[in-house]
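Participant: Sequence first, then the predicted structure, then my questions.
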Number of protein chains: 2
Amino acid sequence: MRVVVIGGGAGGMSSASRVRALKPEWKVTVFEATNFVSHAPCGIPYVVEGVSELPKLMYYPPEVFIEKRGIDLRMNTKVTDVTRNSVKYVENGEEKEIEWDYLVIATGASPIRPGIEGIDLEGIFTVDLPPDAERIVRYAEKAENIVIVGSGYIGLEMAEAFSARKKNVTVIEMLNHPLPNFDEDIAEVVKKEMEKWVDLRLNEKVTAFEGKDRVEKVVTDKGEYKADMVIVAVGAKPNTELAERLGVKIGETGAIWTDRKMQTSMENVYACGDCAETFHMVTGKRVWNPLAPPGNKMGYVAGVNICGGDLEFPGVLGTQITKFHELEIGRTGLNEKEAREAGFDPQTTFIKAQTRVHYYPGGRKTFIKVIADRNTKRILGAQIAGYDSVLMRVNTMAAVIQTGMTTKDLFFADLAYAPPFAPTWEPLIVAARTLKF
Amino acid sequence: MRVVVIGGGAGGMSSASRVRALKPEWKVTVFEATNFVSHAPCGIPYVVEGVSELPKLMYYPPEVFIEKRGIDLRMNTKVTDVTRNSVKYVENGEEKEIEWDYLVIATGASPIRPGIEGIDLEGIFTVDLPPDAERIVRYAEKAENIVIVGSGYIGLEMAEAFSARKKNVTVIEMLNHPLPNFDEDIAEVVKKEMEKWVDLRLNEKVTAFEGKDRVEKVVTDKGEYKADMVIVAVGAKPNTELAERLGVKIGETGAIWTDRKMQTSMENVYACGDCAETFHMVTGKRVWNPLAPPGNKMGYVAGVNICGGDLEFPGVLGTQITKFHELEIGRTGLNEKEAREAGFDPQTTFIKAQTRVHYYPGGRKTFIKVIADRNTKRILGAQIAGYDSVLMRVNTMAAVIQTGMTTKDLFFADLAYAPPFAPTWEPLIVAARTLKF
């Protein structure tokens, strides 16, 4: 059997590796358009900040896949077309074709480049794949004033990176708070932290980029900002062109429709990673959640099922974490708006706590929002912003939400305590108590 | 109604506070034998180490309970006897009696003082209540060689405290590894860390303490050690004397028997905190688990039920965390031996991982053991020792185990990832994968 995988990111390489592990006699070919494989785009802001090194933004070097896992990996090779039994690609300038028995579409996602006037001026960047880091770093050397459009995860991380490098950073956000997929109360904590480092402009919409050869100015509906460089971070979209050309179904989210086995609407064609849709574990509804950990698992599930297995991907909670300088920010499950839209009657609590007992040094402030359904008392979501232990509370809540725990179950969770680590009354348990049960 | 609470620790004060919150018209009297209330014995090692201050080892000062919560709190007041409707106590040298409608026994636990020859010599200490910290600190000023008997949590924490203060520390443990309630493989990690700081003597039994006026030497079955001071930390036992005198049932664990509402075998008599038994959430069996967080919750539950509520305490997972210098160590659920004793067929995995992606600085080593039931694939327990994020993994696993997740559920847990926080493949998820599903 011949398995062809389009895309050498998290999803693609996980599926290829799984197939080779289960069926060592099968031939697995992966086409990757860039010179990076199992690449780590999440590392780009940290390369820009100067804490990480660009060449390391591969989880494994190509040799691991080729020699150790026996994958026929073609780097710098772009797939140009796909049919019901073959894939056309360009390798070393030459057009070639390969037949497949199983196809895995793992084409990833790309940043949105909005059709704003002047968007193609030199000095305007999006953040996509590791090579972008190099271009951004080089251009930033001579840039003093940097404007970031958008304050989602990538906007926030790039704002950290440039402000850490002592650039003059302006962040422009259309909405009334940073981090659009957080609720306003938690976003307020993030806003205050951002304002220490950057000029944060909320409720403001970019209308044009201006400059002669290169960008010099960002114009909004409220003013204009000197800009030697611009980062556009207004979201991403799944890369579905090849899938559409093949004729597989595109889901309501705009990503490739798959069933829980990661099979598309077409037999023997699978999709995984940032180009594929999945399900939300709380609502059961289809969502698009382009992140590395679910991408890896989707690839794993696709690989198992291609080899005749019977494994279902249960979906995601939208769990995410990031940081802005010292402030850690994370979420899991539904936010208040999403909970309402999903038909729940959200009941919320917002608490402020110290992360250690009062008598042990080093405790930091943390802000916790927990959302439950008023009727069933099921925990639906959590958002946390604080200076310590945010990962702990986000992951604990991810397990809590996945299993449908109620406020009472959370109150009685046997979470760890010791003076150097946490307060006796763990703030998550206090949150459960304030939500009543 | 008159509620009398014996003991002003975590359990006692939680029950008293809850009753006052629900029934502001009831009279609540708490008798506390020491000059500390809502005391924090877990802080003693850190006072000895010099990172915490003794006066702060109260969660709340007496005024909060007396003035804000309206509790009739009697400090330095020892209860001498208890009958079916009254409590006798000594206050300011005078014997008095008070009647009760509801009684809460929250008499805590005490360290075991084994009947070893010479145990009563000066310079031999146990670690019990905050005032011990003061005595230990004072005596340690002139002590150079300190022998710690026992390497459970308290032994370990005291070993950290004295080695941080550059004392010459010997730890003597009867078993073949430190931390008796951990499995050997994880304890091996702890052992290696301990050996960097102290002289750890395993498989060795103390047979006598020797000295003229004060302890000078610890004799074991294998040798003898110069000792200017000794800490005996070989475990604790519940304080059940008053309960026995009253005639309430003592459970199979040696602690006071209670039902899930924290009521003892006698109507209107409740017990909570370190003197009371509870249930293990995995096995359903009765266990004694003297720790602050369950103690607080038992008190809360007792308070609710005394006021006519109907709240059941579901029990504990034995979740614990501590540290030895930089090494963090935690557990939740059953260890391998406990799993076997409870009738499971334990399947285990032991993995070593870094706590961050390879390209983000600051990742540290962590060792994770996860135990599942071979037949049902239910996760039964986890033990973790590492230099970062142990609290996160212990708490996540506590939620995982509480809800009966299987290895597959854990593999699909949507845990957070970002370069500054964790690797893309969260080690807990790798552990689930290696356990198969």
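Facilitator: All right, it came through fine.

Participant: Tell me which helix or strand the closest residue in space to residue A:133 that isn't next to it in sequence sits in.
Facilitator: Distance criterion C-beta to C-beta, 6 or more residues apart in numbering or on different chains; nearest residue to residue A:133, sequence neighbours excluded, is residue A:47 at 4.0 Å. (C-beta placed from N, C-alpha, C; glycine too.) Residue A:47 belongs to helix A:44-49 when assigned by DSSP states H and E.

Participant: The next helix or strand after that helix close to chain B?
Facilitator: Per DSSP H and E, helix A:44-49 leads on to helix A:62-63 as the next helix or strand towards the C-terminus. No - contact of helix A:62-63 with chain B is not found when judged by C-beta under 8 Å from any C-beta of the partner chain; the minimum separation is 15.7 Å.

Participant: what sits up against helix A:62-63?
Facilitator: A:37, A:73, A:75 (C-beta atoms under 8 Å, 6 or more residues apart in numbering or on different chains).

Participant: If you count contacts, what does the helix or strand following it end up packed against?
Facilitator: Beyond helix A:62-63 on the C-terminal side, the first helix or strand identified by DSSP H and E is strand A:72-74. Using 3 or more C-beta pairs under 8 Å, 6 or more residues apart in numbering or on different chains; DSSP states H and E, the elements in contact with strand A:72-74 are strand A:27-31.

Participant: So which elements touch the strand it packs on?
Facilitator: Using 3+ C-beta pairs under 8 Å, 6+ apart: strand A:27-31 touches strand A:2-6, helix A:10-22, strand A:72-74.

Participant: if you set the cut-off to 10 Å instead, what comes out?
Facilitator: Strand A:27-31 sits against strand A:2-6, helix A:10-22, strand A:72-74, strand A:86-91, strand A:94-99, strand A:102-105, with contacts defined as 3 or more C-beta pairs under 10 Å, 6 or more residues apart in numbering or on different chains; DSSP states H and E.

Participant: okay if I get these as JSON lines plus distance to residue A:196, mean pLDDT and mean neighbour count?
Facilitator: Compiled in JSON lines, these are given as follows (distance: least, C-beta to C-beta, whole Å; pLDDT from 0 to 100; neighbours: other C-beta atoms under 10 Å in any protein chain shown):
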{"stretch": "strand A:2-6", "distance to residue A:196": "44", "mean pLDDT": "98", "mean neighbour count": "25"}
{"stretch": "helix A:10-22", "distance to residue A:196": "34", "mean pLDDT": "97", "mean neighbour count": "26"}
{"stretch": "strand A:72-74", "distance to residue A:196": "45", "mean pLDDT": "98", "mean neighbour count": "21"}
{"stretch": "strand A:86-91", "distance to residue A:196": "49", "mean pLDDT": "97", "mean neighbour count": "17"}
{"stretch": "strand A:94-99", "distance to residue A:196": "54", "mean pLDDT": "97", "mean neighbour count": "12"}
{"stretch": "strand A:102-105", "distance to residue A:196": "43", "mean pLDDT": "98", "mean neighbour count": "29"}
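
Participant: Residue B:53 is nearest to which of the ones you listed?
Facilitator: helix A:10-22 (48.7 Å; C-beta to C-beta).
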